[in-house]
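K.L.:
Any chance you can model this:
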Amino acid sequence: MFKTFFNAFKIKEVRKRLLFDLLILVIIRIGSQIPIPGVDPEQIKSLMDQLLGGGDGGILMAITGGSLERMSILALGITPYITSSIVMQLLTIAIPGLEEMQRDGEDGRKKIAAITRYLTIGLAILESGAMAIGYRQLLTEYNALNVICVIAAMTAGSAFLMWLGERVTERGVGNGISIVLTINIISSFPQDAMNLYEKFVKGRTVASMVLNSAIIIVVVLGLSVLVILLNDAIRKIPVQYAKKIQGNKMMGGNSTHIPVRVNTAGVIPVIFAASLLQFPIIVSNMAGYKGTGWWSEVLKYVNSQYWFNTSNWKYSVGIIAYVALVIFFAYFYTSITFNPVEIANNLKKSGGFVPGIRPGKPTSEYLNSALNYIIFIGAVGLTIVAIIPYIFNGLFGASVSFGGTSIIIVVSVVIETANQVESLMLVRNYKGFLND
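P.N.:
Next comes the predicted model:
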């Protein structure tokens, strides 16, 4: 992979795209350091540690690159755009007009992209308004002017990130939104490495330092390898096309396959599950809940900071709800993005069939059965990657802002970007061959 990027810099066209990516990333990191006017910096750190420190809240800090923790103008990150994109995917399935628009070629996709942008702005205004009003103690003075200033700054920051992401997709390498998300996560790695060093390595004997360092490296590399296996693993469903005569020629008769990824839903199930469990905690804090009574017990069960805690194991029961949600969202998201009935009908129209399976309904049932099995394997793999950091956090206090979700995102995006770099190099080689 490193060799791919090294060779890419030798090609002028690819080098310009990679340098453009680098320039955008520098701009994003500078923007994440600019504070919002009217915010009290002394109140930010303590409140954010209370609300978001460790556990699922670490995901929010990671994907915003620490901007949320500092309440910078990019505090919302790219999350409003991601949420809008997911909502539009769901609405496209539910609303026939949007589904027709999506099938309407390039013009339809541009219209959906425009709607997604407007929805992103709306969500950014809603989220920033909720934060400005709910966390009013962060403001130097709680008044209408400061609230409007915070909403305007955070909304503009989110829109700016969306625009930068689209420019990266257009003029750089890789999916711009994914690149923005990844650089934010990677920016937290040095601080997390320092925290792990001070917690498990600093001040210990040489043997303990070596052993603890080796364990940390093995765990991170093991999770990364598992993510790579999940991303690359596919089930190839064979497809055969019937022979037919057109004029004096025999057509068809070739064979191919339908590639079905084991991790069909990507990182979406993990993000949805973590966000859903974190939602009551954030709402309770915004409402000024003091943490007393039966509701405080409920919040501890859904708070990953209490899972696998040796002093009180009962709260670890909450991991069952987390696993169930990951599996549910894996099936749910795949069901709206992969339609066995539509695939079976398309195969039937084009004269294709799965060997040993009759066209039409039997084919859709076979695809659905195979898909259910594949989804379960992918969901189990995702769950393992997501849970291991929680186990280490609870048992050993290895609290870091990145976790299984962050590793899944970073590894997936790096692989995707490397593949696109290889494609650009291949296209360039083909052009050179044709010009010769």
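K.L.:
Tell me where the model's unsure across this structure.
P.N.:
1-8, 41-66, 105, 243-253, 285-288, 290-291, 397-404, 427-436 (pLDDT under 70).
K.L.:
what about the longest helix in it?
P.N.:
helix 361-396 (DSSP state H).
K.L.:
Would you agree I185 is in contact with S412?
P.N.:
No - counting by Cβ atoms under 8 Å, I185 sits too far from S412 to count as a contact (11.3 Å). All C-beta spots, glycine's among them, are computed from the backbone N, C-alpha and C.
K.L.:
Looking at the two, which one has more neighbours?
P.N.:
I185 (22 against 19; other Cβ atoms under 10 Å).
K.L.:
element containing the more buried one, please.
P.N.:
Using DSSP states H and E, I185 falls within helix 176-186.
K.L.:
Just want the angle from the helix or strand just after that helix to helix 361-396.
P.N.:
Note on helix 176-186: by DSSP H and E, the next helix or strand toward the C-terminus is helix 189-200. Between the axes of helix 189-200 and helix 361-396, defined by axes from the mean of the first three to the mean of the last three Cα atoms, to 10 degrees, the angle is 50 degrees.
K.L.:
buried residues in the helix or strand just after helix 189-200?
P.N.:
Going down the chain from helix 189-200, the next helix or strand is helix 206-232, by DSSP H and E. Of the residues in helix 206-232, 212, 216, 220, 223-224, 226-227, 230-231 count as buried by neighbour count, 16 or more other Cβ atoms under 10 Å.
K.L.:
can you check stretch 311-318 too?
P.N.:
In stretch 311-318, counting by 16+ other Cβ under 10 Å, buried: 315-316, 318.
K.L.:
can you check stretch 18-30 too?
P.N.:
So for stretch 18-30, counting by 16+ other Cβ under 10 Å, buried means 18, 20-21, 24-25, 28-29.
K.L.:
From those, pick the one nearest Q278.
P.N.:
Within the buried residues of stretch 18-30, proximity to Q278 (Cβ to Cβ) peaks at I28, which comes in at 24.2 Å.
K.L.:
so is T256 in a helix, a strand, or just coil?
P.N.:
What DSSP: H, G, I helix; E, B strand; the rest coil gives for T256 is strand.
K.L.:
G129 and Y118, how far apart?
P.N.:
Remark: distance between G129 and Y118 (Cβ to Cβ, to the nearest Å) = 17 Å.
K.L.:
Between those two, which has more neighbouring residues?
P.N.:
For G129 versus Y118, the count of surrounding residues by other Cβ under 10 Å is larger for G129: 16 against 10.
K.L.:
In helices, which of the buried residues of stretch 311-318 fall?
P.N.:
G318.
K.L.:
Export the buried residues of stretch 311-318 as JSON lines, with columns for distance to Y390.
P.N.:
What follows is those, written out as JSON lines (distance: Cβ to Cβ, whole Å):
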{"residue": "Y315", "distance to Y390": "12"}
{"residue": "S316", "distance to Y390": "9"}
{"residue": "G318", "distance to Y390": "10"}
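K.L.:
wait, which of the buried residues of stretch 311-318 is closest to I34?
P.N.:
Nearest to I34 among the buried residues of stretch 311-318, with distances taken as Cβ to Cβ, is G318, at 37.1 Å.
K.L.:
Would you enumerate the residues in contact with that closest one?
P.N.:
277, 300-304, 306-307 (Cβ atoms under 8 Å, 6 or more residues apart in numbering).
K.L.:
how about a cut-off of 7 Å?
P.N.:
G318 makes contact with 301-302, 307 under the criterion Cβ atoms under 7 Å, 6 or more residues apart in numbering.
K.L.:
re earlier: for the longest helix of the chain, the distance to its chain's centre please.
P.N.:
Relative to its chain's centre, helix 361-396 lies at 16 Å (Cα atoms, centre = their mean, to the nearest Å).
K.L.:
Same question for it: list its buried residues.
P.N.:
Going by 16+ other Cβ under 10 Å, helix 361-396 has these buried residues: 363-364, 366-368, 370-371, 374-375, 378-383, 385-390, 392-394.
K.L.:
And for stretch 68-88?
P.N.:
In stretch 68-88, counting by 16+ other Cβ under 10 Å, buried: 68-85, 88.
K.L.:
And the contacts of that stretch?
P.N.:
With Cβ under 7 Å, 6+ apart as the criterion, stretch 68-88 contacts 31-36, 39, 44, 48, 60-61, 63-65, 67, 112, 115-116, 119-120, 123-124, 127-128, 138, 153-154, 156-158, 161-162, 165, 177, 180-181, 184.
K.L.:
on that earlier part again, now do the longest helix of the chain against helix 206-232, angle only.
P.N.:
For helix 361-396 against helix 206-232, the angle by the same axes, to 10 degrees is 170 degrees.
K.L.:
Now L161: closest residue in space, sequence neighbours ignored.
P.N.:
Among residues not flanking L161 along the chain, I78 sits closest, at 5.0 Å (Cβ to Cβ, 6 or more residues apart in numbering).
K.L.:
Would you list the phi and psi of the one you found?
P.N.:
With angles defined as degrees, to the nearest 10, I78 sits at phi -100, psi 0.
K.L.:
can you map out the helices along the stretch 51-200 of the chain?
P.N.:
In the stretch 51-200 of the chain, the segments counted as helices under DSSP state H, counting those that start in this stretch are 57-63, 67-70, 79-94, 96-102, 105-134, 144-171, 176-186, 189-200.
K.L.:
which one of those lies closest to K12?
P.N.:
helix 144-171 (14.5 Å).
K.L.:
Who are the packing partners of the closest one?
P.N.:
Judged by 3 or more Cβ pairs under 7 Å, 6 or more residues apart in numbering; DSSP states H and E, helix 144-171 is in contact with helix 12-31, helix 105-134, helix 176-186.
K.L.:
just the ones you listed: most buried one?
P.N.:
Burial of those is given as mean neighbour count (mean count of other Cβ atoms under 10 Å); helix 176-186 ranks first at a mean of 23.
K.L.:
tell me what that one is packed against?
P.N.:
helix 12-31, helix 57-63, helix 144-171, helix 404-435.
K.L.:
This completes my enquiry, with thanks.
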